[in-house]
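Novice: Here you go, sequence then predicted model.
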Amino acid sequence: MTTTAGTRPPRSSAGAAHAAKRRGPRTEALWGYAFIAPTGLGLAVFYLWPVLQTAYFSFTEWGAFGGHTWVGLENYTRLIADPEVGRAMLNTLMYTALGLIGIPVAIVFAALMNRQGLRGVSVYRTAFFLPVVTMPVAVAMLWRWLYNGDYGLVNQVLSIAGIDGPNWIADPATAMYALVVVGIWSSVGYNLIIFLAGMQGIPKELYEAASMDGAGRVRQFFRITLPMLSPTAFFISIVSVIGSLQLFDLVFVMTGSGQSARANPAYSRLQTVVQLFYERAFVTNDRGYAAAIVIALLVLIAALTVAQFRLQRKWVHYV
Amino acid sequence: MWKSARSGAALLCAALLASACGGGEQAGGTDAQPGEKVTLSYGVWDATQQAVMQELAAEFTKTHPDVTVNVQLTPWADYWTKMKAAVTGGAAPDVFWMNGPNFQLYASNGVIKPIEEQVDTSVYPKALVDLYTYEGKLYGLPKDMDTVGVWYNKTLFDQAKVKYPADDWTWADFKESAAKLTDPDKGVYAVGAELTSFQEYQYNTIYQAGGHVISPDGKKSGYDDPKTIQGLKFWTDLIAAKQSPDLKTMTDTAPLQLFEAGKLAMYWGGSWNVAEFGKNDYTKDKVDVAPLPKGEKQATIIHGVANVVSAKTEHPAEALELVKFLGSKPAADILGKKGPIPAYNGTQNDWVAAHPEWKLQTFLDSVAYAVPYPVSKNTAAWQEAELTHLTKAWTGEVPVEKAAADLAAGMNDLLAKE
Amino acid sequence: MSERRPLGVHAILAVSSLLMVAPFVWQIITSLKTLSSTTAVPPTFLPEGRWDNYAKVFDLLPFGEQFLNTVIMAAGRVTGQVLFCSMAAYAFARLRFPGRNLLFGVFLSVLMVPPQLFVIPQYQIMSSLGWLNSLQAIIVPGLFSAFGVFLLRQFFLALPREIEEAARLDGAGPVRIYWSVMLPLARPGLIALGILTLLWAWNDLFWPLVVNTDPEKMTLSAGLAALQGQYQTDYPVLMAGSLIASLPVIAVFVFLQRQFIQGVAHTGSKG
């Protein structure tokens, strides 16, 4: 591995502002718009437009096959009074909070794998990535077996220690935690490759300098890796929080298929907002109400995202 | 307002495509057919029947040389969601499969066409014709049917020295056998009181007890009827007596799995389980089937799939011809050899003959006292309520009477909104 | 640098790797079982060598066509996203223009919407464009990604500004800086986005299934869903099918991770 220091162009720090000025802010702005245009238009048509439509429909009674009548705020007043909505929001927030544990886990593993010269790293990386690639049915089947109250491996191991384990995903007391474990387990590999990519971007000279100053690995990790990685960590945290708040598939496959999930005794502890949205929109044909639920969720997600952006000044280091 | 905005979006898309993909390839032209050649799309959900459906389609083309039928398979898990998108987007298949719970929703919204022509419906079980009749109009012709029976494990019966179920057995006989078949030491239960499949479990016992799920006019819930509650207690009593696994256990391991592992002596299942039990090495030569036990009366739930015509089809005449053909005797003869029980009376012998080792005639004989699958305009809404409320009765959290009363109230609210 | 305690590191990584590989191994074991032993209670952990499950998969699926469709779709989406997202991300990270933060917020808001919401509206758009049952229907909406823009923006923000400034002093405009300076520097990020987009495109099941009806316009994942319809609870066949379907993605990952680890080591000399 060559270091990059020698081949870098000479540093200049004062020239930047002048250079930008020379082009003129107008040209720069035009280029800015041009660069974002393709994605901007595509997102507007295929993603923003449906959201605006849905926002409109949340004020209507929306027929199963189209057609709608204006009902004003009715869906929203119903939503506030609906105990299922409150419960689903609470479950979703709890899952989101617990799911954040996955971020430090991914950073630690990424740091372990990012060591130069460690043999077999590519095998480990692939292993961690496999859950991300594996068919969700396989993941669900395996974990359902592991968690099975009578025959599952988890309880078999516990029984050696004399503990009589619960029906993990059917017991209201344990179901949420059991789900969080699967959630973290299946997303670690995905976060890991983003963190690894982030670590690749940290200039090697920083470590070399620190090493010469006698800083050990752990110290380097906290003094260099973590701060330099903070923009990536910020990204992952935003995306994980949004992803957790949108939780659906995992609950859907783990708790039983489709409507029968409601026959799970732990359902009231597992039901998420998106699941409720799905049920109203696609199962019980209550689409106007479903639209209101999803808009409420959007407001919650937006609030949490804005809060994170506000807080980023406190911990994220940009170059 | 939103129509014009939509075409605006379409324009934007077109512009976008031109810039992003350098024109791209032209969309596959919609069939604006010159001459009389017509292609009908036919939406189905069962992959195991895809081949038979294609055979039937080819058969139809023989007698209607100008019409080609394109069988479009969408797996069950996504079928109704896709259908919703397709109907909303104005692109539903010309002819497609319909089931009981969804039928009135589609009929009442006018997205499927009633069959205006006189058709002889006496050749189908009456319960199925009624199922697909809405406000006095018939909308679909039944293609197949299914009823429910008790599959039982002969080995476990032998080991417990219990007589195999007789054709005229009663609830009392069932309960007596259940007590003897339960063997906690071996982890064997008599039966799994499954909560998730009302068609095979609760609906049957509700009607056997003399109760009802929904009033004949589809406006009132039957869950506050004491007899209906008897039908529910049939199951919760079994759980309480530990002759059925509890709900948590059945959530972890479904009754079907337990039955196929020799942990359940009986399994209430449909005629559609034939394929499953025939493939499974364990059940293949250990099980047989008996009629459901008689309560106050005999009852089994009958259901069947029908073929319906999209209201927006460009070829209504050809589509109706296809539906009539699929509901005809020649079609039923082909279906009976390879698929489920055909709905056309008198064509079911091939289906029974396929498994001489089982008393499959049971499923046909029970049609005489079969009750149609209970439905209303928005069946899915109160089916969800059934699960929500009865889960609490099944876990024992709430007495059955209370859960049923709550369910009746909730269901009545939902029915009032239909 | 001295390698202290590599044994400890290996032990941690090996044990956790085993945990990670478990479902995959389970998938392989299941794919080689008979149907009745998959429903065995309690489960058995020994494979049984039933290779006919794999034969059934090849019998049922029009593999060639669906594989090709999947490759075209995935390639289209990956190329589109890597290009478009990196352009937008560069603009948001480095160029100044009025409304930048607002627009970025709007982009981000797309990320916040649960994907289940888009099904019916996007179907209607496709329907009014006459694109139902076509390859572009499964590619075009996947060309744009708020996630990708955000991911790469964070990468660009973390890159040192010096190289870029040097290029600017040499008179390079935004296009040249983006293309010959920023893109090479962001290579690990581009590859990461590429891998993830590939994975999502490869596994995208619902959309191809909803928007396309002909089997020859479908992707492998939709083919798998059909397999699932046919073999419902026949998990051995399902697992065999999904193993075959996911092997290409795993192969690409193994190949790309080398590229991606070399990442920045290269770019210094290129800039």
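Specialist: Sure, I can see it. None of the values given here were measured: they were computed from a predicted structure.
Novice: could you point out where chain B is predicted with low confidence?
Specialist: Counting by pLDDT under 70, the ranges of chain B that qualify are B:1-35.
Novice: Report the contact partners of B:K113.
Specialist: B:K113 is in contact with B:139, B:308-311, B:313, B:316, B:319-320, counting by CB atoms under 8 Å, 6 or more residues apart in numbering or on different chains. (Each C-beta comes from the backbone N, C-alpha and C, glycine too.)
Novice: Tell me which residues are up against stretch C:30-38.
Specialist: Contacts for stretch C:30-38 (CB under 8 Å, 6+ apart): A:138, A:141, B:260, B:279-283, C:44, C:47-51, C:53-54, C:233-237, C:239-240, C:243.
Novice: Give me the distance between that stretch and the centre of its chain.
Specialist: 30 Å (CA atoms, centre = their mean, to the nearest Å).
Novice: follow-up on the earlier one: please narrow the contacts of B:K113 to those residing in strands.
Specialist: Of these, the ones assigned to strands by DSSP state E are B:308-309.
Novice: Okay, now the unreliable bits of the stretch 101-250 of chain A?
Specialist: For the stretch 101-250 of chain A (pLDDT under 70), the answer is A:116, A:137.
Novice: Next to chain B, which bits of it? Give me the list.
Specialist: Residues of the stretch 101-250 of chain A lying close to chain B (CB under 8 Å from any CB of the partner chain) are A:144, A:147-152, A:167, A:169-171.
Novice: Taking those together, which two end up most distant?
Specialist: A:Y151 and A:D171 (15.6 Å; CB to CB).
Novice: who's more crowded, those two?
Specialist: A:D171 (20 against 17; other CB atoms under 10 Å in any protein chain shown).
Novice: I'd guess the more buried one is in a strand, am I close?
Specialist: No: using DSSP: H, G, I helix; E, B strand; the rest coil, the secondary structure at A:D171 is coil, not a strand.
Novice: That one and chain C, how far apart?
Specialist: 19 Å (CB to the nearest CB, to the nearest Å).
Novice: quick one, phi psi at the nearest residue to that residue once chain neighbours are set aside?
Specialist: Leaving aside its chain neighbours, A:D171 sits nearest to A:A266 (5.9 Å; criterion: CB to CB, 6 or more residues apart in numbering or on different chains). When read as degrees, to the nearest 10, the backbone of A:A266 gives phi -90, psi 10.
Novice: For A:A266, give me its contacts.
Specialist: Here A:A266 is in contact with A:169-172, A:174-176, A:255, B:251 (CB under 8 Å, 6+ apart).
Novice: what's the answer for C:M73, then?
Specialist: Contact analysis of C:M73 by CB under 8 Å, 6+ apart lists C:135, C:138-139, C:142, C:201, C:208, C:219.
Novice: just these now: which is nearest A:A44?
Specialist: Among those, and counting by CB to CB, the member closest to A:A44 is C:G142, at 15.6 Å.
Novice: from the contacts of A:A266, which two are the most distant?
Specialist: Farthest apart among those by CB to CB are A:M176 and B:T251. That separation is 15.0 Å.
Novice: So those two - more neighbours on which side?
Specialist: Higher neighbour count among A:M176 and B:T251: B:T251, with 29 against 17, using other CB under 10 Å.
Novice: Just give me the neighbour total for the residue lying closest to that one once chain neighbours are set aside.
Specialist: Of all residues not flanking B:T251 in the chain, A:A170 sits nearest, at 3.8 Å (CB to CB, 6+ apart). For A:A170, the neighbour count with other CB under 10 Å is 28.
Novice: For the strand or helix carrying A:T77, buried residues please.
Specialist: Assigned by DSSP states H and E, A:T77 belongs to helix A:74-81. Across helix A:74-81, burial judged by 16 or more other CB atoms under 10 Å in any protein chain shown covers A:75-76, A:78-79.
Novice: Could you work out the most separated pair of those residues?
Specialist: Checking these with CB to CB, the most distant pair is A:Y76 and A:R78, at 7.1 Å.
Novice: among the residues of the stretch 101-250 of chain A next to chain B, who's most crowded?
Specialist: Result: A:I169 is most packed of these (other CB under 10 Å), 30 neighbours.
Novice: Wait, that one touches A:V251, no?
Specialist: No: counting by CB atoms under 8 Å, A:I169 stays clear of A:V251, with 9.7 Å between them.
Novice: Tell me the residues that contact both of the two, please.
Specialist: Joint contacts of A:I169 and A:V251 (CB under 8 Å, 6+ apart) are A:179, A:270.
Novice: mind checking the SS state of A:N167?
Specialist: Of the three states, A:N167 takes coil under three-state DSSP.
Novice: Could I get the full set of helices for the stretch 51-200 of chain A?
Specialist: Listed in chain order, the helices found in the stretch 51-200 of chain A under DSSP state H, counting those that start in this stretch are A:74-81, A:83-99, A:102-113, A:121-133, A:136-147, A:153-160, A:175-200.
Novice: buried stuff in the second one?
Specialist: The neighbour-count criterion (16+ other CB under 10 Å) identifies A:84-85, A:87-89, A:91-93, A:95-96, A:98-99 as the buried residues of helix A:83-99.
Novice: From the chain's centre, how far out is it? Work that out for me.
Specialist: The chain centroid and the centroid of helix A:83-99 are separated by 15 Å, computed with CA atoms, centre = their mean.
Novice: can you tell me if that helix touches chain B.
Specialist: No: residues of helix A:83-99 are not located near chain B by CB under 8 Å from any CB, the shortest gap being 8.7 Å.
Novice: list the helices and strands that helix packs on?
Specialist: helix A:175-200, helix A:226-245, helix A:267-270, helix A:273-278, helix A:287-315 (3 or more CB pairs under 8 Å, 6 or more residues apart in numbering or on different chains; DSSP states H and E).
Novice: which of the residues in the helix or strand in which C:Q66 is found are buried?
Specialist: Using DSSP H and E, C:Q66 sits within helix C:63-94. Judged by neighbour count using 16+ other CB under 10 Å, the buried positions of helix C:63-94 are C:65-67, C:69-70, C:73-74, C:76-78, C:80-94.
Novice: I'd like the distance from that helix to the chain centre, please.
Specialist: Chain-centre distance of helix C:63-94: 9 Å, with CA atoms, centre = their mean.
Novice: Identify each buried residue in the helix or strand following that helix, please.
Specialist: Once the chain leaves helix C:63-94, the next helix or strand it forms, by DSSP H and E, is helix C:100-111. For helix C:100-111, a neighbour-count test (16+ other CB under 10 Å) marks C:100, C:103-104, C:107-111 as buried.
Novice: What distance do you get for A:Q53 to chain C?
Specialist: According to CB to the nearest CB, A:Q53 and chain C sit 6 Å apart.
Novice: Up against chain A, what does the stretch 251-400 of chain B have?
Specialist: Within the stretch 251-400 of chain B, the residues that sit near chain A (CB under 8 Å from any CB) are B:251-253, B:378, B:380-381, B:383-384, B:387-388, B:391, B:394-395.
Novice: Among those, name the ones in helices.
Specialist: In this view, those that belong to helices under DSSP state H are B:251-252, B:380-381, B:383-384, B:387-388, B:391, B:394-395.
Novice: Can you name the two of these that sit furthest apart?
Specialist: Maximum distance among these (CB to CB): 28.2 Å, for B:D252 and B:A381.
Novice: ok, B:P255 - contacts?
Specialist: B:191-192, B:194, B:245, B:264, B:267.
Novice: Find me the pLDDT at the nearest residue to C:I29 once chain neighbours are set aside, would you?
Specialist: Excluding the flanking residues, the one nearest C:I29 by CB to CB, 6+ apart is C:P47, at 4.7 Å. Note on C:P47: pLDDT of 71.
Novice: Please produce JSON lines containing the helices of the stretch 51-200 of chain A, extended by distance to B:T300.
Specialist: Below are those laid out as JSON lines (distance: least, CB to CB, whole Å):
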{"stretch": "helix A:74-81", "distance to B:T300": "39"}
{"stretch": "helix A:83-99", "distance to B:T300": "34"}
{"stretch": "helix A:102-113", "distance to B:T300": "50"}
{"stretch": "helix A:121-133", "distance to B:T300": "45"}
{"stretch": "helix A:136-147", "distance to B:T300": "31"}
{"stretch": "helix A:153-160", "distance to B:T300": "38"}
{"stretch": "helix A:175-200", "distance to B:T300": "35"}
